[in-house]
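> Provide a 3D model corresponding to the input given below.
(chains A and B)
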Amino acid sequence: MKIRSHHIGLLLLAMLFSVVAWGQQVTLSGRVVDTAKEPLPGATVFSKAKQTGTVTDENGAFSLVAEVGDVLEISFTGFKAHFETVGTATVLNIILEESKNYLEELVVVGYGTAKKKDLTGSVATVTANNFQKGQISTPEQLIAGKVAGVQITPGSGAPGSGSRIRIRGGSSLNASNSPLIVIDGVPVDNGGISGVANPLALLNANDIESFNILKDASAAAIYGSRAANGVILITTKSGGAGQFKVNFSTLNSVGFKTGAVDVLTGDEFRSVVNGYTGTIASSADRLLVGTGNTNWQEEIYRGAFTTDNNISFSGGIKRLPYRLSVGYLNQNGILLRDNLQRTSVALNLSPSFLDNHLSVKVNSKYAQTNSFFANQGAVGAAVYFDPTQPIYSGEQPFGGYFEWLNGAQPNFNAARNPLGLLYMREDKGNSDRLIGNVQLDYKMHFLPELRANLNLGMDQSWGSGTVFVPAEAASQANRGGTNNQYKQTRSNKLLEFYLNYAKEFEAIKSRLDFIAGYSWQDWKTESPSFPDLRADGTEFEPAGIDFATQNTLVSFYGRLNYSALDRYLFTFTLRRDGSSRFNPDARWGNFPSAALAWRISNEAFLRGSKVVSDLKLRLGWGTIGQQDGIADYGYQANYFYGDAAAQYQFGNEFVTVVRPQGYDANLQWEKTETQNIGLDLGLFDSKLSFSADFFIKNTRDLLAIVPVAAGTNFTNNLLTNVGSIRNQGLELALNTKVVSNAKFSLDLGVNATFILQNEITKLQLISDPNFLGADVGATGFNFVQKHSVGYRPSTFFLYKTVYDEQGNPIEGLYKDLDGSGTLGETDKRWYKNPEPNAYFGFTLSGSYEKLSFGCVMRSNVGNYMYNAVKAGAGIYQSIFPNQGYLSNAHRDILNTRFDNRQTWADYYLEDASFLRMDNLYFGYDLGAMGKSGMTARLNASVQNVFVVTKYSGLDPEIAGGIDNAIYPRPRVFAIGVNLEF
Amino acid sequence: MNNLKFSLLIICAVFLVDCTKDLDRTPENGLTADKLFANEAGYRSSLAKIYGGLSLTGNNGPDGSGDLGGIDEGFSSYLRNYWNLQELCTDEAVIGWNDQTIKDFHEMDWTPADNFLRAMYSRLFYQIALANSFIRESEDGVLSSRGISGSDADKVRAYKVEARFLRALSYWHALDLFGNVSFVTEEDAIGAFLPEQISRADLFSYIESECKAIEAELPAPKQNEYGRADKAAVWMLLANLYLNAQVYTGQAKYTEAITYSKKVIAEGGYALQGNYRHLFLADNHKSTEMIFAATFDGVKTRTWGGTTYLVHAPIGGDMQAADFGVDNPWGGLRTTSALVDKFSAGDQRANFQEAGQKKDIEDIGNFRDGFSIKKWSNKTTTGANGSNLTWVDNDFPIFRLAEAHLIYAEAVVRGGTGGSTNEALGYVNALRRRAFGNNNNDLATLTLPSIIDERAREFHWEGKRRTDLIRFNQFTTADYLWPWKGNVKDGRAVESFRTIFPIPAPEINTNPNLQQNPGYN
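Prediction:
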């Protein structure tokens, strides 16, 4: 809008002049150059009045006959049009500025910003206008499906539940695979905060301006030892100069469950129980069946209302731009009683002083959550609880809920009454989080090319909560209920200082940008231990030992950006990190990276091309580290006292035990070496932009928990640097304006990520061909996945099921793959993986006059899921545990008719590829409301619109690939209003 | 402006100098060796950890901070694994669960990859590493350098002797179960090195010499605190070692077995518990028969293994958990008809759950197939419940007087010298009189078959059966078959190499100095 009004002003001015000097003809000559004084051949010089024009020659020169007062439009693809009114001068030298298209957008990179066109690494940006819409209470969901190579797997349906974020897949087995998250320059703690489901839920999504994702080593290496899983830089909104603005939004939604685990109804269950002729049920078991029909999964869920209200005030008072926002979220979970309330306040101030030489940024984000955590044990209990039993027993004990009994006591092996679980547990958590920083940026008076930047930050959180279970609750009848509390404090402090020198050297058409900095960051977590109390306040177990842990990271870093002729870009970064987690001889590591980019579109042969507006080739290499997931004192020999329930009797005395902890004195960071080749292409003035990145990631010194030789350490499994993983992938992203005119616009974004290789290449100190791999993927006490050399991490490791003529699996019969005649580990095979081979994101957005609309879809292909609900509940043994109660069964029992659990049957492994529409929204712009200057916008959205999949379980998207009954993700219908004045 | 620059430089300088010191972080609630061992109390707690390793699985009871990895913490219990390995592959026990490879034991088709075998091996060497470390930390030179002297130093020296006993005990278990194992002593500091393998015979000599070396230094029988080892404990260890010497080394040592079992009987001052069934109840720490026990307590010594497992796991079917002083049945363990048939009427030691159970097993996975055994209960001798309904109070007798009786008798029958047949018969009949409450069932003569059957009746479900069957050459052979031996209903002989377990695969993979036991490659 501003640009347009500016243009109109120019036009008016031009018209005024044209009236004054009408009719006088002049012959004009001149040159058109860019801001670097480079000639622009092929630029158009056009007289609006005469409808005639010319094109500049190879030196950028032109000549044209025009009348005084004519307005000339000088234009060139990729540059801002320039309007010049013809006066009496006959020589016109025109400087065109490059147009502020997306290439000019500033992208936040580590320690500074860069223009998109100057980037040499693989960096993706998602800004607020491109976020996922609708009721989003945890920020990472804003970019789900938006970026190639970034996989956001939503958590459960619980309010504020966190997602699993993976950038370019995981490259760690036992340490963290989560990216480093930096909020307004403060790297934040990835650890959980007590009292809230997910620490990121303490950041209000409405305060976020942009996400910048540093994917490859050359972009991320400036974050050194924490960057191997990529870096997400979150920037919050700040105030602009100018007038006072108020923005109010309210969004109200209601969520419903989309389905249920397919268990038997009461009537079906009765007929299965009575019709069973096998051997595992006794006649006593059959007598247990009830007469009711209770659909437990209907009983525990509800339509869940959520309201999310935000108001922000922004503007500038003299030289003090500010933004203050206050948000209130009250979100109900679809599981009865589940609730999250969040109040958030964000204040951003960005004043400048000393003739704009000193700019100051103050960012602070404070949030408080109050959660009521519904007892999620009810989710599984509702699957398994006998559907022929009533909700209420009509009698007093256990709160009146029907329970399976063993004498007067509840039968402790049976599932508990799901509603009893929900209504007889008060689990309340509170948390406060304050993320704040002050950033001083001083441009030297004597040397304006040199800036000094000081950033002081903190991320402080306090979590606490209480759990109360009444003594009469069946779930805790053996301990007299619970009346407990917990507390936790996390404190993260940051000091960073860097110097930045940036200068154009016109003589050699070069630009140099150099930073050198120092960073100190310290994390401390403390949680006092409280006694474990019964409901009546008496002690069940005394308090244990208070927990406290701390680690510090000290770093030096530097980055050199050099660009020549606006075509050849070079970046070199080096970070040296020292961590308190490693022994003094091993605690320093160097993390270098280098990248080259060639802006081919600025070469003479493409310059001014009407078709190719941008073409850039990027090459990057770097080594980055990963240290999240390593215990703070893992390299030291230390002793720890046991708790009060781990004492040993010496005579009449119980002696507290003390244990030396196993340790690896030479523990080191994981090191990931990444190579990246990228291509950015913009066509038709960037109406269509495309980028492709191919990457190779080799991680070595992988932290893995591996066996240590017996007797050589105080443990049998030790976290040590041993393995290697190799990842290769291809990322493609395409954004295009399909239609763009005054009435109608349609934008389409598609991104695709192909995992070409993700393979463990080493897992043991001494490689052994007979070693099948490390067990992972626990279901009950058993494991269905393995980390094995030559395979993707967590590959399923199962028996091949044999089917009968009807196509039903045969119980206990598997292919004898090793031909040994007996069934053993070597008859299992590595087959399929919980992670996809490819994943895709589709974003469609558009507007027609005042109506706007859009949707986001995501798809994973080739990911498999082990249906543990079927495996555990689709068997007669589940119905007849022979212990005085019955459990419901998965309807699959009607196909398999299995008596006993067949844990390793690949029958339970299913293709969980899916296409999901995350979000569909419509907005309607009501425009100005009367004379108040207020504008209003209505919006309506649906989340989790549909899922297309062959997977037979409730949801094909569960991180880890093992489907135990999950808290279902609701389908949410939301309507909202935005007001601005 | 200069001021600003100057102050920025100062900030920089201060942090650059100070920063690297911040990297020397030590845990606030942790202890270095010097801090812990500054006084006798630290040593006492450290010794309690080694003893506790028999019962506990980690630093938090019942779980939450396990000592070992790679296995569910409850499954990592020393006694639970030891018991499973000694009982599940015999006629005395079957388990209905499908946890990992647990059924392979009764089927007798375990492999080197077995996770329970690894847990046992790891647990044994965890104990040995703890003991080695304790011995290093309590050397005289170390004590004096820490200023520990006088009676404190005497106490620590006594602890050190017990650490050697506990190491010898675990090495005996390792020798018995795995044969040729890794060998580490107090000479081997913690760190990345690869231990050598010791042969079964050499390990036998090492354990023997250790036991003899500490024999004199241990307190007289019953003179140490309950739960701690005394001379009688090491005599029982030696008696067991010698009784099985033929199996372990190829050389019989029955005379020595008589010597040490006799010492226990004659010099120990122990008396048979009046009522056999009281030996396995929640207050069995009071028993006059207990020589050395792994102790448990429902409040203070909690674990999912040990006796908590032994009380809960056999409860199922029609059995009521409340009758056993616990809150819930685990529905897993039963026995085979082979054991049931060894008892004659009136034997108090027969304590089977027959109601709701079938004696013959069609399906090991079905709890109602096979009688359960009601031997272990969290009720006290007065019928009261133990201190907690989930975790039990029962101590586990590692050595009790009756075993000295039967070692003596067997060694005499096998031709050891220094004992008498009459005396031997008297010791066996003492047990039978307790069992029947009269002398009508006294044996007139002793034979080897009568002794192994007596051992089954006396010690069933006490973790001794596998060793006994091997000593009598009945474990793998067709001489004695029991239901589902070798995974066929009527039983069959299995490969003879199964008399020792394989070195667990992860151990072989980690340490190239180790050779796999024969038959398992």
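> can you give me the strands for the stretch 151-300 of chain B?
According to DSSP state E, counting those that start in this stretch, the stretch 151-300 of chain B carries its strands in the segments B:181-183, B:196-198, B:290-294.
> take the ones you listed and lay them out in JSON lines including mean neighbour count, mean pLDDT and distance to chain A.
(Glycine included, C-beta is placed from N, CA and C.) Below are the strands of the stretch 151-300 of chain B laid out as JSON lines (neighbours: other C-beta atoms under 10 Å in any protein chain shown; pLDDT from 0 to 100; distance: least, C-beta to the nearest C-beta, whole Å):
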{"stretch": "strand B:181-183", "mean neighbour count": "25", "mean pLDDT": "97", "distance to chain A": "5"}
{"stretch": "strand B:196-198", "mean neighbour count": "16", "mean pLDDT": "97", "distance to chain A": "11"}
{"stretch": "strand B:290-294", "mean neighbour count": "24", "mean pLDDT": "97", "distance to chain A": "9"}
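> does the residue nearest the centre of chain B belong to a helix, a strand or coil?
In chain B, the residue lying closest to the centroid (C-alpha atoms, centre = their mean) is B:L79, at 4.4 Å. Under the three-state scheme (DSSP: H, G, I helix; E, B strand; the rest coil), B:L79 adopts helix.
> and it, how close does it get to chain A?
B:L79 sits 13 Å away from chain A, going by C-beta to the nearest C-beta, to the nearest Å.
> same check on B:N224?
B:N224 is 8 Å from chain A, where distance means C-beta to the nearest C-beta.
> pLDDT score for that residue?
Per-residue pLDDT puts B:N224 at 97.
> enumerate the residues of the stretch 301-450 of chain B near chain A.
B:301-302, B:316-318, B:320-322, B:327-331, B:356, B:362-363, B:365-368, B:389-391 (C-beta under 8 Å from any C-beta of the partner chain).
> restricted to helices, list those residues.
Using DSSP state H, no member of these sits in helices.
> now the buried members of those.
For these, a burial check counting by 16 or more other C-beta atoms under 10 Å in any protein chain shown picks out B:301-302, B:316-318, B:321-322, B:327-331, B:365-368, B:389-391.
> ok, which residues in the stretch 401-550 of chain A are in contact with chain B?
A:406-407, A:409, A:411-413, A:442, A:445-446, A:452, A:454, A:477-479, A:495, A:497, A:518, A:520, A:522, A:544-550.
> among these, which ones are buried?
A:406, A:409, A:411-413, A:442, A:452, A:454, A:477, A:479, A:495, A:497, A:518, A:520, A:522, A:544-545, A:548-550.
> circling back to that earlier point, among the residues of the stretch 301-450 of chain B next to chain A, name the ones in strands.
For those, not one is inside strands, with DSSP state E as the criterion.
> quick one: contacts of stretch A:417-428?
A:296, A:299-300, A:335-337, A:370-375, A:377-378, A:381-382, A:385, A:391, A:398-399, A:401-403, A:465-470, A:472-475 (C-beta atoms under 8 Å, 6 or more residues apart in numbering or on different chains).
> give the buried residues for it.
Neighbour-count burial for stretch A:417-428 [16+ other C-beta under 10 Å]: A:N417, A:P418, A:L419, A:G420, A:L421, A:L422, A:Y423, A:M424, A:R425, A:E426, A:D427, A:K428.
> in strands, which of those fall?
Counting by DSSP E, these contribute A:E426, A:D427, A:K428 to strands.
> nearest to chain B, of the residues you listed?
Closest to chain B out of those is A:D427 (19.1 Å), distances taken as C-beta to the nearest C-beta.
> about what we covered before: what two of the buried residues of stretch A:417-428 have the greatest distance between them?
Spanning the widest gap among the buried residues of stretch A:417-428 are A:N417 and A:K428, at 21.7 Å by C-beta to C-beta.
> now do the contacts for whichever residue of the stretch 1-150 of chain B sits closest to chain A.
Using C-beta to the nearest C-beta, the single residue of the stretch 1-150 of chain B nearest to chain A is B:G61, 2.8 Å away. If you count contacts by C-beta under 8 Å, 6+ apart, B:G61 has them with A:G642, A:D643, A:A644, A:A645, A:A646, A:Q647, B:K300, B:T301, B:R302, B:T303, B:W391.
> can you add pLDDT and distance to A:F946 and give these back as a markdown table?
Formatted as a markdown table, these follow (pLDDT from 0 to 100; distance: C-beta to C-beta, whole Å):
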| residue | pLDDT | distance to A:F946 |
| --- | --- | --- |
| A:G642 | 90 | 52 |
| A:D643 | 87 | 49 |
| A:A644 | 87 | 53 |
| A:A645 | 91 | 50 |
| A:A646 | 93 | 51 |
| A:Q647 | 95 | 57 |
| B:K300 | 94 | 56 |
| B:T301 | 96 | 55 |
| B:R302 | 95 | 49 |
| B:T303 | 96 | 49 |
| B:W391 | 95 | 50 |
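> from these, pick the one nearest A:T54.
Closest to A:T54, out of all of those and judged by C-beta to C-beta, is A:D643, at 87.4 Å.
> OK, contacts around the closest one?
A:E541, A:G544, A:I545, B:N59, B:N60, B:G61, B:S65.
> which stretches of chain A have low pLDDT?
For chain A, the stretches flagged by pLDDT under 70 are A:1-23, A:36-37, A:48-49, A:77-78, A:98-104, A:197, A:240-242.
> taking the stretch 151-300 of chain A, what residue is nearest to chain B?
A:I280 (5.3 Å).
> next to chain A, which bits of the stretch 101-250 of chain B? Give me the list.
So the stretch 101-250 of chain B meets chain A at B:109, B:111, B:113, B:115, B:118, B:121-122, B:124-126, B:128-130, B:132-133, B:181-184, B:188, B:190-195, B:225-228 (C-beta under 8 Å from any C-beta).
> PyMOL command for the buried members of those?
Written as a PyMOL command, the selection of buried residues from those, which uses 16+ other C-beta under 10 Å, is:
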select buried, chain B and resi 109+113+115+118+121+122+124+125+126+128+129+130+132+133+181+182+183+184+188+190+194+195+226+227+228
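> just list whatever residues bridge to A:L214.
A:V123, A:V231 (DSSP bridges).
> sorry, back to before: looking at the buried ones among the residues of the stretch 401-550 of chain A next to chain B, which are in strands?
Short answer: those in strands (DSSP E) are A:406, A:409, A:442, A:452, A:454, A:495, A:497, A:518, A:520, A:522, A:548-550.
> between those, which is closest to chain B?
Nearest to chain B among these, with distances taken as C-beta to the nearest C-beta, is A:A548, at 4.3 Å.
> quick one, phi psi at the closest residue to A:Q649 other than its chain neighbours?
Computed as C-beta to C-beta, 6 or more residues apart in numbering or on different chains, the closest residue to A:Q649 that is not its neighbour in sequence is B:T295, at 4.2 Å. For B:T295, the backbone dihedrals (degrees, to the nearest 10) come out as phi -90, psi 150.
> likewise for B:S144?
phi -70, psi -30.
> Provide a list of residues in contact with it.
Applying C-beta under 8 Å, 6+ apart to B:S144 gives the contacts B:A153.
> also the one 5 residues further on?
Counting by C-beta under 8 Å, 6+ apart, B:S149 makes contact with B:L143.
> so how far is chain B from A:T826?
From A:T826 over to chain B (counting by C-beta to the nearest C-beta), the distance is 9 Å.
> A:V182 and A:T235 touch, don't they?
No - if you go by C-beta atoms under 8 Å, A:V182 and A:T235 don't touch, sitting 9.3 Å apart.
> which residue, other than its chain neighbours, is closest to the residue nearest to the centre of chain B?
B:L79's closest residue in space is B:G306 (C-beta to C-beta, 6+ apart), at 4.6 Å.
> count the residues that sit near the one you found.
30 (other C-beta atoms under 10 Å in any protein chain shown).
> wait, it touches B:G52, no?
No - between B:G306 and B:G52 there is no contact under C-beta under 8 Å: 10.8 Å.
> contacts only, for the residue nearest to B:F475 when sequence neighbours are not counted.
Nearest non-adjacent residue to B:F475, counting by C-beta to C-beta, 6+ apart: B:L469, 3.9 Å away. B:L469 makes contact with B:T90, B:D91, B:I452, B:F475, B:Y480 under the criterion C-beta under 8 Å, 6+ apart.
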